[in-house]
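# Mind folding the following:
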Amino acid sequence: MSSTYIFVILSLFFLVCTHIVVVCGEDPTYGFTSVPLTEANFEVQKPYNIPLKQRYSYIDGVHRFWVYANDKPYSPSSPTQPRTEIRIKGLDYHSGVWQFEGYGYVPKGTSGATIAQIHGASEGATTLILRIYNGDMRYYNTYLVAENLYNKWFRLNIIHDVDGGIVTVFINGVKKFQTKDHGPGDLYFKFGVYAAPDDISNYMESRWRYIKIYKK
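Numbering: from 1, shown residues only. As a prediction, the model looks like this:
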């Protein structure tokens, strides 16, 4: 094998490796610091009159949430729709840049269900709502964020730049949506299933794994 041929091969290898580094650098979490999570950070909210095991399971690293349209809210005094969600507890934020990452799965048939959100705002109760309607993800019930998400695992990254007032959503590492937030507040991330005010399926479910929180 000639020295010229070896040089060409090594040069190509170097270029490929460099390209890989660049691609990795474009990951949504690049430049962020991972925040440690424990079981204490995962607070499950579910219909108040039903045992937890009838609406939630955690098996082999997968959080599974399900709820029915006629379920009760999470407390007797709440006027809200039925939900089974995890609220990230102990990591409320008011400034800086924060990020949620998780791998979600929504079975076919679930519709009109919020699967991830940023709770808190100066205008309204939430900064961001991501809902599934007939397999598509929408910002609240309006802007289309991603299509055809039924029956497949997808990576969701939500970045909230509080000081800049901007929220950005990535699906499988691709930037899909960006919007202004709804003002400062006591902010925190939630994920699971939470019935929308209308146009909901009788049964709603989502599954989540590899949940992480990052910040700058």
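
# looking at this structure, which helix or strand is least sure?
helix 3-25 (a mean of 39; mean pLDDT, DSSP states H and E).

# Next SSE downstream of the one helix or strand Val193 maps to?
Secondary structure from DSSP states H and E places Val193 in strand 188-195. Toward the C-terminus, strand 188-195 is succeeded by strand 203-215 as the next helix or strand (DSSP H and E).

# For that following strand, name the packing helices and strands.
Judged by 3 or more Cβ pairs under 8 Å, 6 or more residues apart in numbering; DSSP states H and E, the packing partners of strand 203-215 are strand 33-35, strand 62-68, strand 97-105, strand 113-119, strand 188-195. Heads up, the C-betas are built off the backbone N, CA and C, glycines and all.

# would you list the ones you listed in CSV and tack on mean neighbour count?
Shown next, in CSV, are these (neighbours: other Cβ atoms under 10 Å):
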stretch, mean neighbour count
strand 33-35, 13
strand 62-68, 21
strand 97-105, 21
strand 113-119, 25
strand 188-195, 25
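
# Please parse the chain into its domains.
1-30, 34-215 (automatic domain parsing).

# now the end-to-end length of the last one.
I take that to be domain 34-215. Start and end residues of domain 34-215 are separated by 7 Å (Cα to Cα, to the nearest Å).

# Averaged pLDDT, that domain. What do you get?
The average pLDDT within domain 34-215 is 98.

# Need the contact partners of stretch 86-95.
Residues from elsewhere that reach stretch 86-95 (Cβ atoms under 8 Å, 6 or more residues apart in numbering): 35, 37, 40-45, 63, 65, 100, 119-120, 160, 162-163, 184-192, 208, 213, 215.

# no wait, stretch 28-44
The set of residues external to stretch 28-44 that reach it, using Cβ under 8 Å, 6+ apart, is 24, 52, 56, 63, 84-91, 97, 99, 101, 157, 159, 170, 173, 175, 211-216.
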